[in-house]
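>>> below are the sequence and a predicted model; questions follow.
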Amino acid sequence: MTARFAYLLRLGDTALVLGHRLAEWCGSGPTPEEDIALANIGLDLTGQATAWLDLAGAAEGKGRDADALAYFRDGTDFRNLLLAEQPNEDFGHTMVRQMLFDAWHVELLGGLERSADAGIAAVAAKARREAEYHWRRSSDWVVRLGDGTEQSHARVAESLVRLWPFTGEMFARDAVVAELVTEGIAPEPAPLLQAWNRRVDAILTEATLTRPADGWMQSGGLEGRHGEALGHLLAEMQSLARQHPGAKW
Amino acid sequence: MVSAMSADRLARARRALERVRDPELPALSIAEIGILREVRLEGETLVVAVTPTYSGCPAMGLIVAEIRRVLRDAGIGEARIDTRLAPAWSTDWIDAAARAKLAAAGIAPPERDRPVSCPRCGAGAVETLSEFGATACKALMRCTACREPFERFKCH
């Protein structure tokens, strides 16, 4: 697997898996407006995933398109961030997960917009505008819930502690990233982490939440080692395409 | 001779494409909203370039089908339809005339430098109900003067 193919799979799988997680809220959001918002953000991410996975398929050069990659690979072939596959749990948990992700996503896409690879830069430029809107909303909710009632504060505070160990993976600088950074295709992770810290710290302060200590961080998603949750998600997402391969309507 | 025929075919194609509406915003044609980027001939092949508004816009499939249908109906025949991502679509591509049509349809147009006003009564006292409306490109607002809810095309 070339570094470019691996990197595009990471981008595509992360957007796909998180998009699917948000789609799981459809019909059960806390209010109709939130239900629509969650589904719309999920739709943005699914659209971005299609663009990334089409590029990934072209990079691989074996004739696989976004659908083939999304529906006909198994969990160990997925390269998404572990943060993206974490179950929704309650609304506050979903919003904390989204805020931690969006703060990274906006910065990453901003970097990719200046990529030496024109195809990657074009997808990133489009996605960055969408991610900014997602960030505005998720960070707003974390402030409202953190600086809300005693119960909402306690619940998002717990979510923050539980999700924090999944944030380290976003700034990993392994051989894949290092190669693309050298080629000017991907941004350097260290400045991304600084920018992420600035965004997240400001929101946590406003939300009266305490930033968890940076201790041990979970990794593995980018190499295909996932938690149990991803298997259940894929089972639901892929079952129709696998039962009726090539079906059209 | 050939170029005159080509110019005529292009003009007819452009006229036909004016009939393609955004299904979520039937007040506007795809040219007015900025989705239609280019209509040109490559040899004998008519090429229509389109760009999605949002990455996950579910209307794109229908829009492409509509483009094929109006071109067939106009006797222009088959076209190749290219999806163009760069430069990324922006609401700045919606011109003043199209903005006026949006407002007339009850949708507050995207304005970067001006505050949102109610498209029904014109009052400037409005509140956001949801950052997302019925589609990804719109937010849900309410006028605090006439109390009517309305949609706002988001700046993008």
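Nice, thanks for sending it over.

>>> what sits against the closest residue to chain B within chain A?
Here chain A gets closest to chain B at one residue, A:Gly47, 2.6 Å apart by C-beta to the nearest C-beta. (Each C-beta comes from the backbone N, C-alpha and C, glycine too.) Each residue near A:Gly47 by C-beta atoms under 8 Å, 6 or more residues apart in numbering or on different chains is listed here: B:Pro52, B:Tyr54, B:Ser55, B:Gly56, B:Cys57.

>>> break chain B into its domains for me.
For chain B, automatic domain parsing gives the domain ranges B:2-89, B:105-153.

>>> can you check what pLDDT the model gives B:Gly43?
Predicted confidence (pLDDT) at B:Gly43: the value is 89.

>>> again but with B:Val2, I slipped
59.

>>> give me the residue from chain B nearest chain A.
Relative to chain A, the nearest point of chain B is B:Gly56 (2.6 Å; C-beta to the nearest C-beta).

>>> quick one: name the residues of chain B near chain A.
B:52, B:54-58, B:85-90, B:129-136, B:140, B:154, B:156 (C-beta under 8 Å from any C-beta of the partner chain).

>>> in TSV, list the domains of chain B along with mean neighbour count.
Formatted as TSV, the domains of chain B follow (neighbours: other C-beta atoms under 10 Å in any protein chain shown):
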stretch	mean neighbour count
domain B:2-89	16
domain B:105-153	17
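
>>> how about the ones you listed in CSV, adding distance to A:Leu18?
Output for the domains of chain B, formatted as CSV (distance: least, C-beta to C-beta, whole Å):
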stretch, distance to A:Leu18
domain B:2-89, 12
domain B:105-153, 16
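
>>> these: which one's closest to A:Asp117?
Each of those has some distance to A:Asp117 by C-beta to C-beta; the shortest is domain B:2-89, at 11.8 Å.

>>> how close does A:Val106 sit to A:Glu236?
Shown here: A:Val106 relative to A:Glu236, a distance of 29 Å by C-beta to C-beta, to the nearest Å.

>>> so those two - more neighbours on which side?
A:Val106 (23 against 11; other C-beta atoms under 10 Å in any protein chain shown).

>>> so where does that one fall, helix or strand?
Per DSSP states H and E: A:Val106 is located in helix A:91-112.

>>> now do that helix: which elements does it pack against?
Where contact means 3 or more C-beta pairs under 8 Å, 6 or more residues apart in numbering or on different chains; DSSP states H and E, helix A:91-112 is packed against helix A:3-23, helix A:32-60, helix A:82-85, helix A:118-146, helix A:150-163, helix A:189-206.

>>> next SSE after the second one?
Towards the C-terminus, the helix or strand next in line after helix A:32-60, according to DSSP H and E, is helix A:66-71.

>>> pretty sure the residue of chain B closest to chain A sits in a helix.
No. The assignment for B:Gly56, made by DSSP: H, G, I helix; E, B strand; the rest coil, is coil rather than a helix.

>>> could you find the closest non-adjacent residue to the residue most central in space within chain B?
For chain B, B:Ile33 is the residue whose C-alpha lies nearest the centre (C-alpha atoms, centre = their mean; 2.6 Å). Nearest non-adjacent residue to B:Ile33, counting by C-beta to C-beta, 6 or more residues apart in numbering or on different chains: B:Asp22, 5.4 Å away.

>>> quick check: bridge partners of the one you found?
On the basis of DSSP bridges, B:Asp22 takes part in beta bridges with B:Leu25.

>>> contacts only, for it.
Counting by C-beta under 8 Å, 6+ apart, the residues that B:Asp22 touches are B:Leu28, B:Ser29, B:Ile30, B:Ile33, B:Ile35, B:Ala59, B:Ile63.

>>> assign the first one to helix, strand or coil.
The assignment at B:Leu28 comes out as strand when based on three-state DSSP.

>>> shouldn't it be in contact with B:Ala98?
Yes. Counting by C-beta atoms under 8 Å, B:Ala98 is a contact partner of B:Leu28 at 5.5 Å.

>>> contacts for stretch A:209-222?
A:10, A:78-85, A:142, A:146, A:153, A:156-157, A:160-161, A:164-169, A:172, A:174, A:176, A:200-201, A:204, A:226.
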